[in-house]
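Undergrad: Build me a model:
(chains A and B)
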Amino acid sequence: MPDTDGLQRLAGVVGGDEVVLGTVVRARRAELHVRPETVVDVLERLRAEGYTMLMSLHGVDYFPQEPRFGVAYELLSMQEQDRVTVKVRVPLDDPHVPSVTDRWPTASFQEREVYDMFGVIFDGHPDLRRILLPEDYIGHPQRRDFPIGGEPVLFTGNEGDNPGWWK
Amino acid sequence: MGTVAEQDEAELLTINMGPHHPSTHGVLRLLTTLEGEVVRDVKPIVGYLHTGIEKTAEDKTYWKTVPIVERMDYLAYYFNAMAYCGAVEDLLGVDVPKRAQYLRVIHLELNRLMSHLVWIGTTMLDIGAMSMLWYGFRERETILDLFEYSGGQRVHPRYIQIGGVADDIPAGWETKLRRFVTEMPSRIDQYEALLSKNEIFLRRMKHTGVADAETLMAKGVTGPLLRAAGVPWDLRKAQPYSSYDDFAFKIPVGTTGDNYDRYLVRVNEMRESVKIIQQAIDGLPEGPWVTADRKVALPPRHELATSMEALIHHFKLVTEGMRVPEGEAYYPIEGPRGELGCFVRSDGSSKPARVHMRDPSFINLQSLGDMANGEYIADLIATLACMDPLLGGVDR
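TA: Sure thing, here's the model as predicted:
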């Protein structure tokens, strides 16, 4: 991973303060936080810097923080044996991120997975459908407010506590 | 695919292979468009095995997540545990003792051997060589016995733990391991004698499933598939973790990127794995096998009777788990199928806020079309088998 100076240089390369909201170097990880609408441009500029491979794409829910959802792009430079992470944050009421699938075909399944699990919509994805869950499934299970631990057990008297999401 | 749209639709036939076809190696549906016997388009449909392990992890403490992440890829459980524990160790900032790192390397390489043995057995079964399956499973049995002896279970032993390994190796284990390592090269020679120059095998494997390195890299493919296309990319060399830079080994590389090269790369990788295990067992350092940080590792059993402090740490760790500082980590390792990365986000509590696996099977499966399009449907089976996807890892 690049050190603090290297990350600052990369931040300058991708467009400076106009584009980059912040940089983080922590736990063997260098992050560039950018605006969602610029992500295709940022990844292209990093590709020109040698970060050619998009290794992974994660969705994260930062509930109860706002903007709530995060999408992290893990980039790898094979020549430099170096990694950098680009991260965007989108709010719940407008969860739109431009798709990078046409330039990085590897993102196809991964964007579908983030859409499936979090409900983040990737604009321009050729085939944005659910991938791991059935197509008629309602809800996005990896959101933090989605209940964990299965369906609530019904007893007389606890109807009020029962969210009833599974009905 | 543009070529399909231009064709007269009446000439094309769409068939479903799977979800339970024996050669899909799990529950996978291949939506295949055929023109006669030639594959024009193939779309993998996944999700039948989805277990929600990543969601379940949000409800478990960091310790209790290790056994469930092992269950994602049921042929490479040590790798899943290693990627997850590595990410958590990055967040915690703990140092893993040298002995634990060596023990991890030994178990990871045994697991890689085991995974490749199952691959070679099932792939040869798919193309009609049944005896290879029995040979592969014979050696796998020995490896599982070793795992049972060191970790207590044959599969999913939860041996690799946050901060080190669960226990030191038992007495006599080293002898068993040395015996296995000495005889394994001759066993690999046996497989090669059976297959490498076999006429039927060559006809099924040579010039089928060809894909060049450019296409594979655009699709994010890593591991033996990329190395068979001639890219010497191995995270054990490129970004060494867990003391891999202490060992001398080579990266087997292919040239053409066809199924035969994938077979050769995997067979040679098995030979290199044996060498790594040999070096690790010869140079196994003395010392602790788990970190001394009492906020991470359970205190030794004998201290519980005499030390109040040890008792408190034990109680806190067992009931509440460890509190991991806020932050995010991504820990990539070289799994048997390619780059296996684990992303962990901590919100400062004792449960992970998000665990996500970058599973190589999931990513690699996208390039099936690049390898199989324009070839015969019989070769699609060999290509899919040589890709070695593991559906538990695809769906997680």
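Undergrad: my guess is residue A:125 contacts residue A:100, does it?
TA: No - look at residue A:125 against residue A:100 with Cβ atoms under 8 Å: they stay out of range, at 9.1 Å. Just so you know, the C-beta spots here come from the backbone N, C-alpha and C atoms, and that holds for glycine as well.
Undergrad: Between those two, tell me which one has more neighbours.
TA: Here residue A:125 and residue A:100 are compared on neighbour count by other Cβ atoms under 10 Å in any protein chain shown; more neighbours surround residue A:100, at 24 against 19.
Undergrad: Test my guess that that one contacts residue A:43.
TA: Yes - taking Cβ under 8 Å as the contact criterion, residue A:100 and residue A:43 are neighbours in contact, 5.9 Å apart.
Undergrad: Spit out the residues that contact residue A:125 and residue A:100 alike.
TA: The contact sets of residue A:125 and residue A:100 overlap at residue A:111 (Cβ atoms under 8 Å, 6 or more residues apart in numbering or on different chains).
Undergrad: show me where the stretch 201-350 of chain B has strands.
TA: All strands of the stretch 201-350 of chain B, identified by DSSP state E, counting those that start in this stretch, fall at B:327-335, B:338-346.
Undergrad: For chain B, what is the nearest residue in chain A?
TA: residue A:106 (3.0 Å; Cβ to the nearest Cβ).
Undergrad: circling back: where do the contact lists of residue A:100 and residue A:43 overlap?
TA: By the contact definition Cβ under 8 Å, 6+ apart, residue A:100 and residue A:43 are jointly contacted by A:54, A:73.
Undergrad: ok, how many other residues are close to whichever residue of the stretch 101-250 of chain B sits closest to chain A?
TA: Closest contact between the stretch 101-250 of chain B and chain A, by Cβ to the nearest Cβ, is at residue B:220 (3.0 Å). When neighbours are counted by other Cβ under 10 Å, residue B:220 registers 29.
Undergrad: For it, which non-adjacent residue is closest in space?
TA: residue A:106 (3.0 Å; Cβ to Cβ, 6 or more residues apart in numbering or on different chains).
Undergrad: residues near the one you found, how many?
TA: Using other Cβ under 10 Å, residue A:106 has 24 neighbouring residues.
Undergrad: Contacts only, for it.
TA: Residue A:106 makes contacts with A:54, B:218, B:219, B:220, B:221, B:363, B:366, as judged by Cβ under 8 Å, 6+ apart.
Undergrad: if you set the cut-off to 10 Å instead, what comes out?
TA: Contacts for residue A:106 (Cβ atoms under 10 Å, 6 or more residues apart in numbering or on different chains) come out as A:53-57, A:100, B:216-221, B:363-364, B:366-367.
Undergrad: how many neighbours does residue B:192 have?
TA: 16.
Undergrad: Could you check how far it is from residue B:270?
TA: Residue B:192 sits at a distance of 10 Å from residue B:270 (criterion: Cβ to Cβ, to the nearest Å).
Undergrad: Likewise for residue B:220?
TA: Applying Cβ to Cβ, one obtains 25 Å for the distance of residue B:220 from residue B:270.
Undergrad: Could you do residue B:145 as well?
TA: Counting by Cβ to Cβ, the gap between residue B:145 and residue B:270 amounts to 18 Å.
Undergrad: Between the two, which is the more surrounded one?
TA: Between residue B:145 and residue B:270, counted using other Cβ under 10 Å, residue B:270 has the larger neighbour count: 23 against 13.
Undergrad: Identify the residues contacting the more buried one.
TA: Shown here is residue B:270, whose contacts under the criterion Cβ under 10 Å, 6+ apart are B:109, B:112-113, B:115-117, B:120, B:139, B:184-185, B:187-188, B:191, B:252.
Undergrad: Residue A:94: which of those residues is nearest?
TA: Distance to residue A:94, by Cβ to Cβ, is smallest for residue B:115 among the contacts of residue B:270, at 43.4 Å.
Undergrad: Give the residue spans of the chain that score low on pLDDT.
TA: Picked chain A for this. Residues of chain A that meet the criterion pLDDT under 70 lie in A:1, A:149-167.
Undergrad: my bad, chain B
TA: Within chain B, the set of residues satisfying pLDDT under 70 comprises B:1-10.
Undergrad: three-state assignment of the residue most central in space within chain A?
TA: With distances taken as Cα atoms, centre = their mean, residue A:71 lies nearest the centre of chain A, 1.3 Å away. When the structure is reduced to helix, strand and coil (DSSP: H, G, I helix; E, B strand; the rest coil), residue A:71 reads as strand.
Undergrad: same check, this time on residue A:133
TA: Judged by three-state DSSP, the three-state class of residue A:133 is coil.
Undergrad: so how far is the lengthiest helix in chain A off the chain centroid?
TA: Looking only at chain A and at elements set by DSSP state H, the helix with the highest residue count is helix A:107-118. Averaging C-alpha coordinates over helix A:107-118 and over its chain gives two centres that are 9 Å apart (Cα atoms, centre = their mean, to the nearest Å).
Undergrad: try stretch B:311-328
TA: The gap between where stretch B:311-328 is centred and where its chain is centred comes out at 29 Å by Cα atoms, centre = their mean.
Undergrad: From start to finish, how long is that stretch in a straight line?
TA: Distances were taken as Cα to Cα, to the nearest Å; on that basis the terminal residues of stretch B:311-328 are 31 Å apart.
Undergrad: now stretch B:234-252
TA: Using Cα to Cα, the two ends of stretch B:234-252 sit 10 Å apart.
Undergrad: ok, and does it reach over to chain A?
TA: Yes - residues of stretch B:234-252 are located near chain A by Cβ under 10 Å from any Cβ of the partner chain, namely B:235, B:237, B:238, B:239.
Undergrad: returning to what we had before: which of the contacts of residue B:270 count as buried?
TA: When the contacts of residue B:270 are checked for burial by 16 or more other Cβ atoms under 10 Å in any protein chain shown, the buried set is B:109, B:112-113, B:115-117, B:120, B:139, B:184, B:187-188, B:191, B:252.
Undergrad: what's the most distant pair in those?
TA: Comparing every pair within the buried ones among the contacts of residue B:270 by Cβ to Cβ identifies B:139 and B:252 as the most remote, at 18.9 Å.
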